[in-house]
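Colleague: I'd like to go over a predicted model; first the sequence, then the structure.
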Amino acid sequence: MDRRRRATLALTLNFLSLLFSITAFSSSYWCEGVRKVPKPFCTGSARERQPFCIRFNNSDSNGSSSNVVQYTWETGDDKFIERHFHAGIWYSCEENISGDGEKCRSFITLTPPADRGVLWLSIVAEVLYITLLLTGVSLMSVEVCYYTSVIDGLKLNAFAAIFTVLSGLLGMVAHMMYTTVFQMTVNLGPEDWRPQNWDYGWSYCLAWGSFTCCMAASVTTINRYTKTILEFKQRRRNLERTLQNKQKTLEQDDSQPVWDVYINTIQNNREGFVDLPISSQNPTVYGNPIVHFPYTQCDEYC
């Protein structure tokens, strides 16, 4: 029961790790932040309230007035609007200036050309991470549900532990590579994308949570494998000690002198004769009369 509980715990942790990794890999919330976007010029009628655009002070629409030029190049917080964005391995999405919907771009195209190779390595490592996790889950499921002997279970347990440890190492490398690529993109990426401030999102935390569950599952699996092997060795040692003790006992019995065996046999027979019932009038043994010997001559006779 203890081994079965450990196997179920390892399978549950590995399944959670697989679920978290797939969710994080397919989402675009690894990093979140805010960008300051300059407000565009308003194009509608003056009666319509549009807080996300800048309206001219005069009615000159050709832009030749000096006030228009001065107003256009004037700086200040009221001339910018903050827009939230979130980025993942595949996409980077940003709120539209009007506040309706999002505008998404491929994160691979935003990455500097010198860092795209590292990003592709990160993607390949993430795919291998998920594949090895899936293999480990399959082996653990077969071990829990369908194996017939302890030896077959140990074999499946060993392979599941190997695949789980390898997947955890690949996942850690993949997460670190993506973090490096994102930081380089923030510093060297397109100017119309660079955020003013950013932080890690829930997908990033979910990815590292997947790594934590994966390593916990691998430790549980290796611990269960080691414990079973140690139990087998301990039982084997106990069996060998028992057999050695029996062999020593037999050797001691065989090495006893023949004269001692003979004396012990005579003493046992004598005790048997003493215990036999003897009639006071006509004592007989097996129909033959017993010859009475004086007590002083009994030891000499024996």
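Modeller: Yes, it's here.
Colleague: helices or strands up against the longest helix anywhere in the chain?
Modeller: Counting by DSSP state H, the longest helix found in the chain is helix 202-254. If you count contacts as 3 or more CB pairs under 8 Å, 6 or more residues apart in numbering; DSSP states H and E, helix 202-254 packs onto helix 2-26, helix 116-145, helix 150-188. Just so you know, the C-beta spots here come from the backbone N, C-alpha and C atoms, and that holds for glycine as well.
Colleague: so residue 107 sits right up against residue 89, yeah?
Modeller: Yes. At 6.6 Å, residue 107 counts as touching residue 89 under the criterion of CB atoms under 8 Å.
Colleague: shared neighbours of those two, anything?
Modeller: In terms of CB atoms under 8 Å, 6 or more residues apart in numbering, residue 107 and residue 89 are both contacted by the residues 28, 119.
Colleague: Pull the number of nearby residues for the closest residue to residue 40 other than its chain neighbours.
Modeller: Closest residue to residue 40 apart from its sequence neighbours, by CB to CB, 6 or more residues apart in numbering: residue 53 at 5.3 Å. Residue 53: 15 surrounding residues under other CB atoms under 10 Å.
Colleague: Hmm, residue 42 and residue 53 touching each other?
Modeller: Yes. With contact defined as CB under 8 Å, residue 53 counts as touching residue 42 (3.9 Å).
Colleague: What residues does the closest residue to residue 166 other than its chain neighbours make contact with?
Modeller: Closest residue in space to residue 166, ignoring its immediate chain neighbours: residue 132 at 5.5 Å, by CB to CB, 6+ apart. Residues in contact with residue 132 (CB under 8 Å, 6+ apart) are 163-164, 166-167, 170.
Colleague: List buried residues within these.
Modeller: 163-164, 166-167, 170 (16 or more other CB atoms under 10 Å).
Colleague: Can you tell me which of those residues is nearest residue 102?
Modeller: residue 170 (31.3 Å; CB to CB).
Colleague: Identify the residues contacting the closest one.
Modeller: Here residue 170 is in contact with 125, 128-129, 132 (CB under 8 Å, 6+ apart).
Colleague: With residue 199 instead?
Modeller: 31-33 are the contacts of residue 199 under CB under 8 Å, 6+ apart.
Colleague: most surrounded residue in those?
Modeller: residue 31 leads those on contacts (other CB under 10 Å) with 24 neighbours.
Colleague: Residue 232 versus that one, what's the distance?
Modeller: For residue 31, the distance to residue 232 equals 49 Å [CB to CB, to the nearest Å].
Colleague: before we move on, what about residue 184?
Modeller: Counting by CB to CB - residue 184 and residue 232 are separated by 52 Å.
Colleague: Those two: who's more crowded?
Modeller: Per other CB under 10 Å, whichever of residue 184 and residue 232 has more neighbours is residue 184, with 16 against 13.
Colleague: Return the distance of the more buried one relative to residue 190.
Modeller: Distance, residue 184 to residue 190, using CB to CB: 13 Å.
Colleague: Then residue 216?
Modeller: Distance of residue 216 to residue 190, computed by CB to CB: 40 Å.
Colleague: between those two, who's got more neighbours?
Modeller: Neighbour totals were compared for residue 216 and residue 190, and residue 216 leads with 18 against 11 (other CB under 10 Å).
Colleague: Assign the residue nearest to residue 105 when sequence neighbours are not counted to helix, strand or coil.
Modeller: The shortest distance from residue 105 to any residue other than its chain neighbours is 5.5 Å, reached at residue 92 (CB to CB, 6+ apart). Three-state assignment for residue 92 (DSSP: H, G, I helix; E, B strand; the rest coil): strand.
Colleague: again with residue 97
Modeller: Secondary structure for residue 97, judged by three-state DSSP, is coil.
Colleague: can you put the contacts of residue 199 in TSV and add pLDDT, secondary structure and distance to residue 100?
Modeller: Below are these laid out as TSV (pLDDT from 0 to 100; DSSP: H, G, I helix; E, B strand; the rest coil; distance: CB to CB, whole Å):
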residue	pLDDT	secondary structure	distance to residue 100
31	93	strand	23
32	92	strand	20
33	90	strand	20
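Colleague: ok, the residues you listed vs residue 241, which is closest?
Modeller: Closest to residue 241, out of all of the contacts of residue 199 and judged by CB to CB, is residue 31, at 62.1 Å.
Colleague: Quick check: that closest one touching residue 202?
Modeller: No. The pair residue 31 / residue 202 is not scored as a contact, 10.6 Å apart, by CB under 8 Å.
Colleague: contact partners of stretch 146-161?
Modeller: Counting by CB under 8 Å, 6+ apart, 3, 7, 10, 14, 136, 139-140, 142-143, 218, 221-222, 224-225, 228-229 sit against stretch 146-161.
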